[in-house]
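J.: sequence first, predicted model second:
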Amino acid sequence: MNSDSPLAARSFLRKIAEYLHPGPDSVAELLATLEEAQDKDLINAQSLAMLEGVLKLSSMTAGDVMVAAPRMDLLNIDAGFDELLNVVIDTAHSRFPVFEGERDNIIGILLAKDLLKRQRSPEINLRALLRTAVFVPESKGLNDLLTSFRGESSGKGNHLALVVDEFGKTAGLITIEDILEEIVGEIEDEFDTVDGDAASMDIVSLPEDGAYRVSGQATLTKLSEQFDCAFNETEQEQFETIGGLVAHRMGHVPRKGEEHMVGGLRLVVLISTSGAIKWFRATRLA
């Protein structure tokens, strides 16, 4: 190639520029560069957060994000239809691992929508509705797992996988939503409402006697009206939602299964993300 060509000149100038302003040689340096770009308004804060999430994903494994086995909501293959339906409504998930005998013996995945087929046709064997369970090791990288979830490797994507430890025991489960939330933050699910009637869905009666599903965004005022309960006056001035109040009282955003007593209510966390409580199961204290 002619050294006098424009391409050669650009290549030479690029080398000079890289010498004067070398690019990042590590993830830490790249993050610092991105933060500098945000400071200069070249990218906004939301874009920076997403880019940081993408970079963080490359060093994380399924074991870092999974829902631990003791906190998994499972369905028993031998349970009756009403019992299964109560679990589906109570936990507000769209898919469930199904076990037989012991909880560690996972035999498949049941989609909540498939359970409705059993309601219309009681003669259907529940086993016929099960999807194949996917098992991955705790060490599985999130980048690779996301690719598998998207179906690029197998041609058929899965949105939930069981995580097993080095001894082959069930350590937890992970969903595609768990991974994506590491990049984009909280994702609204099928139980989140966005229309003008959203507030009316903040408190929903469950089939169990005296139990309710309560949104973390439900206001203290609404809970007071619904349950005739009283909150500390100072806390009512400081916090508008029950999720914010509970997180403040506990000193952290509680994870699924954690509980707290407040205003005459027992609140058990059903769904929680790193930044907020999404749903509680609420019952009145005796």
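T.: Perfect, thanks for sending it. Numbering: from 1, shown residues only.
J.: where are the low-confidence patches of the protein?
T.: By pLDDT under 70, the low-scoring segments of the chain are 1-28, 152-158, 185-201, 206-209, 273-275.
J.: and the residue nearest the centre of it?
T.: The residue lying closest to the centre of the chain (CA atoms, centre = their mean) is residue 178, at 4.2 Å.
J.: doesn't it fall inside a helix?
T.: Yes. Residue 178 sits within a helix when classified using DSSP: H, G, I helix; E, B strand; the rest coil.
J.: wait, it touches residue 66, no?
T.: Yes. With contacts counted by CB atoms under 8 Å, residue 178 reaches residue 66, the gap being 7.4 Å. For every residue, glycine as well, the C-beta is placed using N, CA and C.
J.: would you map the strands across the stretch 101-250 of the chain?
T.: Taking DSSP state E, counting those that start in this stretch as the criterion, the stretch 101-250 of the chain carries its strands at 102-111, 135-137, 160-164, 170-175, 203-205, 211-215.
J.: now tabulate these in a markdown table and tack on mean neighbour count and distance to residue 235.
T.: Output for these, formatted as a markdown table (neighbours: other CB atoms under 10 Å; distance: least, CB to CB, whole Å):
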| stretch | mean neighbour count | distance to residue 235 |
| --- | --- | --- |
| strand 102-111 | 16 | 38 |
| strand 135-137 | 16 | 43 |
| strand 160-164 | 22 | 38 |
| strand 170-175 | 23 | 34 |
| strand 203-205 | 15 | 19 |
| strand 211-215 | 22 | 17 |
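J.: and those strands as JSON lines, adding distance to residue 255?
T.: Formatted as JSON lines, the strands of the stretch 101-250 of the chain follow (distance: least, CB to CB, whole Å):
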{"stretch": "strand 102-111", "distance to residue 255": "19"}
{"stretch": "strand 135-137", "distance to residue 255": "21"}
{"stretch": "strand 160-164", "distance to residue 255": "16"}
{"stretch": "strand 170-175", "distance to residue 255": "12"}
{"stretch": "strand 203-205", "distance to residue 255": "22"}
{"stretch": "strand 211-215", "distance to residue 255": "17"}
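J.: for residue 125, find the nearest of these.
T.: strand 102-111 (12.1 Å; CB to CB).
J.: packing partners of the closest one?
T.: Secondary-structure packing of strand 102-111 (3 or more CB pairs under 8 Å, 6 or more residues apart in numbering; DSSP states H and E): strand 95-100, strand 170-175.
J.: if we go to 6 Å?
T.: When contacts are defined as 3 or more CB pairs under 6 Å, 6 or more residues apart in numbering; DSSP states H and E, strand 102-111 sits against strand 95-100.
J.: chain center to the strand it packs on: distance?
T.: On the basis of CA atoms, centre = their mean, to the nearest Å, strand 95-100 sits 18 Å off its chain's mean C-alpha point.
J.: and the angle from it to strand 170-175?
T.: Here the directions of strand 95-100 and strand 170-175 differ by 150 degrees (axes from the mean of the first three to the mean of the last three CA atoms, to 10 degrees).
J.: can you count the residues close to residue 210?
T.: Using other CB atoms under 10 Å, residue 210 has 9 neighbouring residues.
J.: same check, this time on residue 217
T.: Counted with other CB under 10 Å, residue 217 comes out at 20.
J.: and residue 48, how far from residue 74?
T.: 38 Å (CB to CB, to the nearest Å).
J.: okay, helices next: where are they in the stretch 1-150 of the chain?
T.: Per DSSP state H, counting those that start in this stretch, the stretch 1-150 of the chain carries helices over the ranges 6-20, 27-39, 45-57, 62-65, 81-91, 112-120, 142-150.
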